[in-house]
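Trainee: kindly generate the corresponding structure for this input.
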Amino acid sequence: MTIKAMDHFTVLTANLAATQEFYETILGLRAGWRPPFDFPGIWLYAGKKPILHVIAGRALPEPPAGVIDHMAFAARGLRDVARKLSARGIPFELGRQRESRVWQLFVHDPNGAKVELDFPPEEEGPEAGSAS
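Mentor: Down below sits the predicted model:
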């Protein structure tokens, strides 16, 4: 067996609407086709690929993060994402990798899952004071 790529992540949620709003409005994913499972949830797409599956109606583990530390996405539009997060009062951490200069933004979704967004080094950083 050879693994060629990551297919998707799955997040459990107690609040499907808030989770969908976070990933769609702030991160730009879009809800799309999902098989007719016998439990509530959504599949969120980046382009034509469902990369995040959200499942509702199950008990959340304690602590919510479990053994997975975070999920990371390649992203564009650092200033816009930072502005959206700040406007909603959602705290985030922003830094740059030392050698590559890639911007790394860390934020928690409404369920406590840590999300890393990696932005190209040539993008401009957010205005001063927008990171929490």
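Trainee: please count neighbours and contacts with C-alpha atoms only from this point.
Mentor: OK.
Trainee: which one's the longest strand in this protein?
Mentor: strand 49-56 (DSSP state E).
Trainee: list the contacts for the most centrally placed residue in the chain?
Mentor: In the chain, the residue lying closest to the centroid (CA atoms, centre = their mean) is Val115, at 4.6 Å. Residues counted as contacts of Val115 (CA atoms under 8 Å, 6 or more residues apart in numbering) are His70, Met71, Ala72, Phe73, Phe106, Val107, His108, Asp109.
Trainee: any chance you could map the strands in this structure?
Mentor: Using DSSP E, strands in the chain cover 9-13, 30-32, 41-46, 49-56, 71-74, 92-96, 103-108, 114-119.
Trainee: mean pLDDT added to the ones you listed, as TSV?
Mentor: Output for the strands of the chain, formatted as TSV (pLDDT from 0 to 100):
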stretch	mean pLDDT
strand 9-13	91
strand 30-32	98
strand 41-46	96
strand 49-56	94
strand 71-74	92
strand 92-96	95
strand 103-108	95
strand 114-119	93
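Trainee: identify whichever of those lies nearest to Glu21.
Mentor: Glu21 lies closest to strand 30-32 among the strands of the chain, at 9.7 Å (CA to CA).
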